[in-house]
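In: Fold the following, please.
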Amino acid sequence: MTNEQIKALLENGLPDAEAFVDGDGRHFVAKVITDAFSGLSPVKQHQLVYSALGENMKSAIHALSIQTYTKEEWRRQRAFEMK
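Out: A predicted model of the protein is given here:
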């Protein structure tokens, strides 16, 4: 599975999502931004991500590190990184 395939699954599977994915074909890091995460616990946010990836989590993806943000959290994170 490629970074682009995972990005497409996340962006198509979560409402109004933007995803950034990096990985080596088996181990991946995903930053996922969507307001669908608003008010949800980190566990629930990750469950939404796993749901968007479906059966790929059982076969094509060996390891996935997930960072989730609402659009406002992402805006603040980016502003902090720019300082």
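
In: who does the helix or strand residue 45 falls within touch, helix- and strand-wise?
Out: In the assignment (DSSP states H and E), residue 45 maps to helix 42-53. On a contact count with 3 or more C-beta pairs under 8 Å, 6 or more residues apart in numbering; DSSP states H and E, helix 42-53 meets helix 3-13, strand 63-69. (Glycine included, C-beta is placed from N, CA and C.)

In: could you give the mean pLDDT of the first one?
Out: Confidence for helix 3-13, expressed as mean pLDDT, is 97.

In: Would you mind writing the CA trace of the one helix or strand residue 78 maps to as PDB?
Out: Assigned by DSSP H and E, residue 78 falls within helix 71-82. Only the C-alpha atoms of helix 71-82 are listed here, as PDB (Å, rounded to 0.1, in the frame of the first residue of the first chain):
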ATOM      1  CA  LYS A  71      -9.000  22.300  11.700                       C
ATOM      2  CA  GLU A  72      -8.600  24.800  14.500                       C
ATOM      3  CA  GLU A  73      -6.100  22.500  16.300                       C
ATOM      4  CA  TRP A  74      -4.200  22.100  13.000                       C
ATOM      5  CA  ARG A  75      -4.100  25.900  12.500                       C
ATOM      6  CA  ARG A  76      -2.700  26.400  16.000                       C
ATOM      7  CA  GLN A  77      -0.200  23.600  15.500                       C
ATOM      8  CA  ARG A  78       1.100  25.100  12.300                       C
ATOM      9  CA  ALA A  79       1.300  28.600  13.800                       C
ATOM     10  CA  PHE A  80       3.300  27.200  16.700                       C
ATOM     11  CA  GLU A  81       5.700  25.300  14.400                       C
ATOM     12  CA  MET A  82       6.300  28.500  12.400                       C
END
